[in-house]
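I would like the atomic coordinates for the input below:
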Amino acid sequence: MGILKNSSIEKGLSNEKVIVIDFGGQYNQLVARRVRECNVYCEIYSYKTDIALIKQMAPKGIILTGGPNSCYEQNAPTYKKELFELGIPVLGLCYGAQLMMHILGGKVEKAPVKEYGKTEVDVNHESLMFKNISQKTTCWMSHNDYISQIAPGFQISAHTSDCPVAAAECADKKLYAIQFHPEVLHTVEGTKMIDNFVRGVCGCAGTWRMDSFVEESVKQIREKVGDGKVLLALSGGVDSSVAAGLLSRAIGKQLTCVFVDHGLLRKNEGDEVEAVFGPSGDFDLNFIRVNAQERYYAKLAGVTEPETKRKIIGEEFIRVFEEEAKKIGAVDFLAQGTIYPDVVESGLGGESAVIKSHHNVGGLPDYVDFKEIIEPLRDLFKDEVRKAGLELGIPERLVYRQPFPGPGLGIRIIGEVTAEKVRIVQDADAIYREEIAKAGLDKSIGQYFAALTNMRSVGVMGDERTYDYAIALRAVNTVDFMTAESAEVPFEMLQTVMSRIINEVRGVNRVFYDLTSKPPGTIEFE
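Take a look at the predicted model:
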């Protein structure tokens, strides 16, 4: 039993790797994404990772994330002093900066003035970290503690009006501490700072490219699979579709994709998936579609609790998939469309809490007769998955399809799921997406969809009173899907959508627009 990871990334494409050591910060994935935007491969590890493993990986650089703790408190997350003596460049961010100072002989205390939000920072251009950065640059601060005394051998390289040590460094040892967060978009020149570290300080060449990833991954999959058979559950979402395309490129008809249409997809989506991957599509694979709509509706009848709905949908998928797998017989490999955020958010990468309950990450289900599991996208972020999809020739309309949860419309229908409610939300969502595309906003909004609330109210249509449902429209701007803000869509477009939904979708007499950010809300409704 084993997992085929993207060894092509770790070995075949480049010997360069920067690692992120996670101390529980909310932006840990952002740090890794910013490094990859510099064309340098990066992975996230927990602060509990043994120093021996880090030595074995021989990274070109190490980045310490932020975190919610105070480094001077008992039982606070920490690391061995030896980390700073390996001769490997280290960049500490926020908590990571404070921890570096604390371990190396500096002093960290409660700040007399807390800093939170956009802050003007004065930087020293002699520092490699701030090469080609504006003298006064806007950065994102978020800290209750501050570095009151730098460690011996360090020099202050940036400050603010309230923070005397916004950054410090020991250039000789290539140790850098930054109190703010260069990884978030609110830090205007943050990506440039991270590039200064990974390329200027660490000496990375920046040779990691998506076209090379596809080419090398295909080669690795062929070597791993040989003449074996692979089974993939194809949901029609971006991740499983790109996994299918990659595996098809590598092994052709040795791949069988089972597409379970649970009746909770967007309007016409099942047919669109079949058009791309089915017999008349462009991909060389075995495609099986299972129409299980009525089976799911029966299982979900009377169920209103969100987590129970998720579990029923997930468990029923397992049952359907198991039945199809038994018809196929034994296979050598089970493939999954797991991507890197799934790994991290399931608690296997860094220190993040387990956020998503419907991920099957790295686990080997016992209902399929197979030897090993393949997760060819396991080390990629969503934007990287899309790039890989385009490299594979998957249609742009599918590659840039709106993110869609595993339980589908089951979590965009508040309360009980019925065939009638599915029809309502499918029709309303199709109108909303059509009007957003007409307005030219489909590529600029991070995620948008219609959801069906469980609220019914009185309305007037024609000369008659109605008692129908309310549709909620959601549109958010986000880069990483960890945080999100409500998108400012044109009011005239919302008026058009409202009018069309009420006039064209039977059973709806009100339309709302959801302004909630994440946090405190989530992007999805349940």
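
Any idea how many residues pack against the closest residue to residue 393 other than its chain neighbours?
Counting by Cβ to Cβ, 6 or more residues apart in numbering, residue 393 lies nearest to residue 282, which is 6.9 Å off, once chain neighbours are set aside. In this view, the C-beta of every residue, glycine as well, is placed from N, C-alpha and C. As a burial measure, residue 282 scores 12 neighbours (other Cβ atoms under 10 Å).

Doesn't residue 282 belong to a helix?
No - applying DSSP: H, G, I helix; E, B strand; the rest coil, one finds residue 282 to be coil, outside a helix.

quick one: the helix or strand residue 223 falls within to chain centroid distance?
Assigned by DSSP states H and E, residue 223 belongs to helix 210-225. Chain-centre distance of helix 210-225: 22 Å, with Cα atoms, centre = their mean, to the nearest Å.

right, and the helix or strand after it?
strand 230-233.

low-scoring stretches of the chain, by residue?
1-15, 344-369, 462-463, 480-482 (pLDDT under 70).

In contact with the closest residue to residue 184 other than its chain neighbours: list those residues for me.
Leaving aside its sequence neighbours, residue 184 sits nearest to residue 140 (Cβ to Cβ, 6+ apart; 4.8 Å). Residue 140 makes contact with 117-119, 180-181, 184, 186-187, 190, according to Cβ atoms under 8 Å, 6 or more residues apart in numbering.

run the last query once more with 6 Å
By Cβ atoms under 6 Å, 6 or more residues apart in numbering, the contact set of residue 140 is 180-181, 184, 186-187.

Likewise for residue 177?
Residue 177 touches 92, 97, 100, 168, counting by Cβ under 6 Å, 6+ apart.

Output the helix or strand encompassing residue 470 as CSV, restricted to C-alpha atoms.
Assigned by DSSP H and E, residue 470 belongs to strand 464-477. Extracted in CSV, the C-alpha atoms of strand 464-477 (Å, rounded to 0.1, in the frame of the first residue of the first chain):
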residue,chain,number,x,y,z
GLU,A,464,-52.9,36.8,-6.9
ARG,A,465,-51.1,36.3,-3.6
THR,A,466,-48.3,33.8,-3.5
TYR,A,467,-46.5,31.9,-0.7
ASP,A,468,-43.2,30.9,-2.2
TYR,A,469,-39.5,30.5,-1.5
ALA,A,470,-36.7,33.1,-1.4
ILE,A,471,-33.5,32.7,-3.4
ALA,A,472,-30.2,34.0,-2.0
LEU,A,473,-27.5,35.1,-4.4
ARG,A,474,-23.9,34.8,-3.4
ALA,A,475,-20.9,36.4,-5.0
VAL,A,476,-17.5,36.7,-3.3
ASN,A,477,-14.0,37.9,-4.2
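
what packs against it?
Packing contacts for strand 464-477, counted by 3 or more Cβ pairs under 6 Å, 6 or more residues apart in numbering; DSSP states H and E, involve strand 447-461, strand 508-513.

Tell me which of the ones you listed sits most buried.
strand 508-513 (a mean of 19; mean count of other Cβ atoms under 10 Å).

who touches that one?
By Cβ under 6 Å, 6+ apart, strand 508-513 touches 459, 466, 468-473, 494, 498, 501-502.

same deal with stretch 416-430?
Residues contacting stretch 416-430 (Cβ under 6 Å, 6+ apart): 266-267, 297, 300, 304, 409-410, 412-413, 449-450, 452, 471, 501, 505, 507.

Give the single residue among those positioned nearest to residue 315.
Nearest to residue 315 out of the contacts of stretch 416-430 is residue 300 (Cβ to Cβ; 11.4 Å).

Quick check: the closest one vs residue 471, distance?
Separation of residue 300 from residue 471 (Cβ to Cβ, to the nearest Å) stands at 20 Å.

Show me which of these two is the more surrounded one.
Taking other Cβ under 10 Å, residue 300 and residue 471 do not tie; residue 471 has more neighbours (28 against 23).

pretty sure that one is touching residue 450, no?
Yes - at 5.4 Å, residue 471 counts as touching residue 450 under the criterion of Cβ atoms under 6 Å.

in the stretch 301-450 of the chain, which spans are strands?
333-335, 372-374, 447-461 (DSSP state E, counting those that start in this stretch).
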